[in-house]
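Novice: the sequence and its predicted three-dimensional model are supplied below.
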Amino acid sequence: MTYSTQYRTFLDNKNSFFQNANEFYKGESVTKSVRHNAFNQSYNFIADHKKLIEDEFNHLFASLTSGKETYGEEFWLYCYYLSILLQTYHIGHGSARFNEEEKRYGKLRRQIWNHYHQIESSSEPPPRKKTFIKALGEELGDDISEIASTPKRLSKIRQKVGLYNVWRLYWAFSRMMLTNTLLELKDGPVLAKLERFLGKHIDVDAIVAAFEAPGEIMRTLSVAFFGSRFLMNLSMVYKHTFMPSELEKTRLRSKRLSDELWERHPGFINDFVWTVINGLTNYNEIFHISAPAAGWIVAGFLFFDVCVLLWRRHLEEQKYLAKKAQYREELSFYQEKLKEPDLDEDERKRYLQHIALLHSQLTELEIGWQATDSAFWFNVSAALLLMVGFSAAMMFNAPALIIVSYAICVLAIGMYLSDGAYKQYKEKSLRLRQADIDNISNVQALQEYKAARNELIYTMIKNTVMPSLIIATFAVCWPAAIVLTALYLGYELWSSCSKRRNPSPDPSLPEIERREVDRLEHVEYEEVDERRLQLGYI
């Protein structure tokens, strides 16, 4: 399937919006006319082109709020229109009436409305800087709310299960690294010096036994985590296929099923395969598989993780290429329009604005894709390191090489846990480079780049060194470990509260206070369906 067939209907809809933009000014309210147009779009159209709409909105909003150029109001209206479509999708697809994504697009929608109608908030007194105590209270309150809401949201449970599974792997490799290290140091001069320094005897056998104690629990969790996530994904497919929302009912059941299966198929394959493999290898005695054979089976299937990551990257690349093809077709269209004879000045300005905005959107697309692509390769590198480290630990007999092999595995897991920070760092470095290319002030971009770089370094240390250091300290001297843990948690809390007190600059427009919403026009509720009632504010 060519890329043009993927975006053709969406692009026709976009062109229709701009061709009929003048019609919006004939009614009593421009934004109300845009809302009416958005509400008339079918849920099938929105669901079929959700990714294209989402990318269009993100690139357009970033370009409009960049401050590089001033664009016409029709572009702001189109951004407003897209935000309504995305809200509609998340209301129809979400398990709760107002999920996080719906709220986020609602907030952005109000910001765009605010800009379009030029509601001045400069008369509002500037918010006072939060005290540390207030920031701490808000941080703890958010954490408690997060914990309380998790059991009610399957998506959050699924995310937590995935995170806990990664930490399970970290514990497994860290335990093996520390166990082999302690056994190698047993009865050696290094351990004797450490005992004299601490003034206590270090019982290596007792420590190793303590490390091995939760082994049966970990074996069970290795199967349970993947199996439970597979079942949760299966339940979501069932829900959207056989228990749809009112909006989803407008879509054929077979289409809903294919959508869900396609969206979740990498997770389905990964979770199913690892549920089976972990079941066979962790309970190898039941299936009459020798321990060495079980180890090599796991090592072989670690390459399967690399393949899954490469497949996910391929899927994202296809979406990126489709969007890029769409933008390039639009550029060609408006460049040809400029060549038309007898073109009046207003039309020429409008076409030039379209071209300038499309170039900006292409830049946003490239930055986003390069950051995403780098994050994928970062994870692929982690998967390869894990495979190499695990295989090396079984190949070599030298204790030092075994310890190094497991240390490589710990590093790989730390990389998995740090991919978000790496992606943020990569994006900020790309934006700094783009600022230099555009020959504009790079002061803010440089600050954000340095902050992202420092965050990446700290995150990598936090996810690789700190857990193993704390575990090792607990093993040899628990009072020192308690002090170290308290210092670490204190720093984490202070860092989190500092970010809350001094948030990074938001490139979006100033948020309207909720009280402002009451002064804004609302949708008239006669002949309004449930979807419009749900979207009835701004």
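Specialist: Everything's here; your move. A quick note: this is a predicted structure, and the numbers were derived from the prediction, not measured.
Novice: which strand or helix spans the residue nearest to Lys319 when sequence neighbours are not counted?
Specialist: Distances taken as Cβ to Cβ, 6 or more residues apart in numbering place Lys51 nearest to Lys319, at 5.5 Å, with adjacent residues excluded. C-beta here means a position set from N, CA and C on the backbone, and glycine is covered the same way. If you go by DSSP states H and E, Lys51 is part of helix 50-64.
Novice: from the chain's centre, how far out does that helix sit?
Specialist: From the chain centre to the centre of helix 50-64 is a distance of 16 Å (Cα atoms, centre = their mean, to the nearest Å).
Novice: quick check: mean pLDDT of that helix?
Specialist: Across helix 50-64, the average pLDDT comes to 94.
Novice: export the helix or strand following it to PDB, keeping only CA atoms.
Specialist: Where DSSP H and E defines the elements, the next helix or strand beyond helix 50-64 is helix 73-93. Provided in PDB are the C-alpha atoms of helix 73-93 (Å, rounded to 0.1, in the frame of the first residue of the first chain):
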ATOM      1  CA  GLU A  73      -6.100  32.800  12.300                       C
ATOM      2  CA  GLU A  74      -7.300  30.000  10.000                       C
ATOM      3  CA  PHE A  75      -4.300  27.900  11.100                       C
ATOM      4  CA  TRP A  76      -5.300  28.400  14.800                       C
ATOM      5  CA  LEU A  77      -8.800  27.400  13.900                       C
ATOM      6  CA  TYR A  78      -7.600  24.300  12.200                       C
ATOM      7  CA  CYS A  79      -5.500  23.500  15.300                       C
ATOM      8  CA  TYR A  80      -8.700  24.000  17.400                       C
ATOM      9  CA  TYR A  81     -10.600  21.700  15.000                       C
ATOM     10  CA  LEU A  82      -8.000  18.900  15.400                       C
ATOM     11  CA  SER A  83      -8.000  19.200  19.200                       C
ATOM     12  CA  ILE A  84     -11.800  18.500  19.200                       C
ATOM     13  CA  LEU A  85     -11.300  15.500  16.900                       C
ATOM     14  CA  LEU A  86      -8.700  14.000  19.300                       C
ATOM     15  CA  GLN A  87     -10.900  14.700  22.300                       C
ATOM     16  CA  THR A  88     -13.700  12.800  20.600                       C
ATOM     17  CA  TYR A  89     -11.400   9.900  19.900                       C
ATOM     18  CA  HIS A  90     -10.200   9.600  23.500                       C
ATOM     19  CA  ILE A  91     -13.800  10.000  24.900                       C
ATOM     20  CA  GLY A  92     -15.000   7.200  22.600                       C
ATOM     21  CA  HIS A  93     -12.000   4.900  23.200                       C
END
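Novice: which other helices and strands contact helix 73-93?
Specialist: helix 3-19, helix 30-39, helix 43-48, helix 50-64, helix 100-117, helix 530-534 (3 or more Cβ pairs under 8 Å, 6 or more residues apart in numbering; DSSP states H and E).
Novice: would you turn those helices into JSON lines with distance to Gln370?
Specialist: Output for those, formatted as JSON lines (distance: least, Cβ to Cβ, whole Å):
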{"stretch": "helix 3-19", "distance to Gln370": "19"}
{"stretch": "helix 30-39", "distance to Gln370": "32"}
{"stretch": "helix 43-48", "distance to Gln370": "27"}
{"stretch": "helix 50-64", "distance to Gln370": "14"}
{"stretch": "helix 100-117", "distance to Gln370": "24"}
{"stretch": "helix 530-534", "distance to Gln370": "36"}
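Novice: tell me which of those lies nearest to Ile482.
Specialist: Ile482 lies closest to helix 100-117 among those, at 36.2 Å (Cβ to Cβ).
Novice: tell me the SS of the nearest residue to Ala62 once chain neighbours are set aside?
Specialist: Leaving aside its sequence neighbours, Ala62 sits nearest to Glu364 (Cβ to Cβ, 6+ apart; 5.0 Å). Recorded secondary structure, Glu364: helix (DSSP: H, G, I helix; E, B strand; the rest coil).
Novice: so who does Glu364 touch?
Specialist: Contacts for Glu364 (Cβ atoms under 8 Å, 6 or more residues apart in numbering) come out as 58-59, 62-63.
Novice: for stretch 197-214, buried residues please.
Specialist: 202, 204, 207-208, 211 (16 or more other Cβ atoms under 10 Å).
Novice: and which of those is nearest Gly295?
Specialist: Phe211 (18.5 Å).
Novice: what helix or strand is that closest one on?
Specialist: Per DSSP H and E, the secondary structure element for Phe211 is helix 204-212.
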